[in-house]
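> missing the sequence, but the structure's below:
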């Protein structure tokens, strides 16, 4: 058999999930910063995906307020993905969002790549507390093997975010990052999304650390070199 007869080995898929709180308290500069930050990191993520021989990165975005909805009906390849600006209004149905995420974290949902999938990255952005049954949603997620092995990050937007809820979601208090102004929020979103995508879309290293531990370490190092303290707080 010649090399010409060999077929290219298909890449696995790594899905980056954004769970975006779009409740009424996110109106104004908060949701505008989220829209701007994610829109501007898409080219960076596209380059990471295009040059990665192991995995293709896809994006899935779940917006939640009084109810929840996916930005697209299935995860999008970065070559096709276009960010659609999110508008804020309503309550904070975070429990319903957890149930919806749980439903999609299955081979009957979004984890059905024929070539296989890496554990996903899940980034939760919220500025408040759930107004529905969050614990019921988390009970379902905590039984989901994809979620158990996911890289989980929470971004607390402003001083009113419920840290107990975010800690329960991430399973690790060190995976929670606080943004108190527009510059900090944009920086944290960029660093968290890029770092977690780089690490999550490759095989684990031999250091003994989990991928989430690797991500936390890398994010902390980059944030230490980023000064956003001069920006006006919300």
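Structure received. The shown structure was predicted, so the numbers you read here are calculated from the model rather than taken from an experiment. Residues are numbered from 1 along each chain as shown.
> what's the average pLDDT for the longest helix that the chain contains?
When the chain is parsed with DSSP state H, its longest helix is helix 29-50. Helix 29-50 comes out with an average pLDDT of 97.
> same for it, what does it pack against?
strand 12-21, strand 55-64, helix 182-200 (3 or more Cβ pairs under 8 Å, 6 or more residues apart in numbering; DSSP states H and E). Bear in mind the C-beta positions are built from the backbone N, C-alpha and C, glycine included.
> Just the buried residues of it, please?
Applying a neighbour-count criterion of 16 or more other Cβ atoms under 10 Å, one finds 30-38, 41, 45-46, 48-49 buried in helix 29-50.
> How far away from the center of its chain is that helix?
11 Å (Cα atoms, centre = their mean, to the nearest Å).
> returning to what we had before: mean neighbour count, distance to residue 92 and mean pLDDT added to the helices and strands packed on helix 29-50, as JSON lines?
Formatted as JSON lines, the helices and strands packed on helix 29-50 follow (neighbours: other Cβ atoms under 10 Å; distance: least, Cβ to Cβ, whole Å; pLDDT from 0 to 100):
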{"stretch": "strand 12-21", "mean neighbour count": "24", "distance to residue 92": "6", "mean pLDDT": "97"}
{"stretch": "strand 55-64", "mean neighbour count": "23", "distance to residue 92": "7", "mean pLDDT": "98"}
{"stretch": "helix 182-200", "mean neighbour count": "22", "distance to residue 92": "18", "mean pLDDT": "97"}
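> nearest to residue 85, of the buried residues of helix 29-50?
Of all those, residue 35 has the smallest distance to residue 85: 4.7 Å, by Cβ to Cβ.
> Distance-wise, check the residue lying closest to residue 74 once chain neighbours are set aside relative to residue 162.
Leaving out its chain neighbours, the residue that sits closest to residue 74 by Cβ to Cβ, 6 or more residues apart in numbering is residue 110, at 6.4 Å. Noted for residue 110: a distance of 27 Å to residue 162, by Cβ to Cβ, to the nearest Å.
> tell me the SS of residue 69?
Put simply, residue 69 is strand when judged by DSSP: H, G, I helix; E, B strand; the rest coil.
> related to what we said a few turns ago, neighbour count winner among residue 110 and residue 162?
Using other Cβ atoms under 10 Å as the criterion, residue 110 and residue 162 rank with residue 110 on top: 23 against 17.
> Report the secondary structure element holding the more buried one.
For residue 110, there is no host helix or strand (DSSP states H and E).
> Assess the claim that it and residue 76 are in contact.
No: if you go by Cβ atoms under 8 Å, residue 110 and residue 76 don't touch, sitting 10.7 Å apart.
> any shared contact partners between these two?
Shared contacts of residue 110 and residue 76, defined by Cβ atoms under 8 Å, 6 or more residues apart in numbering, are found at residue 60.
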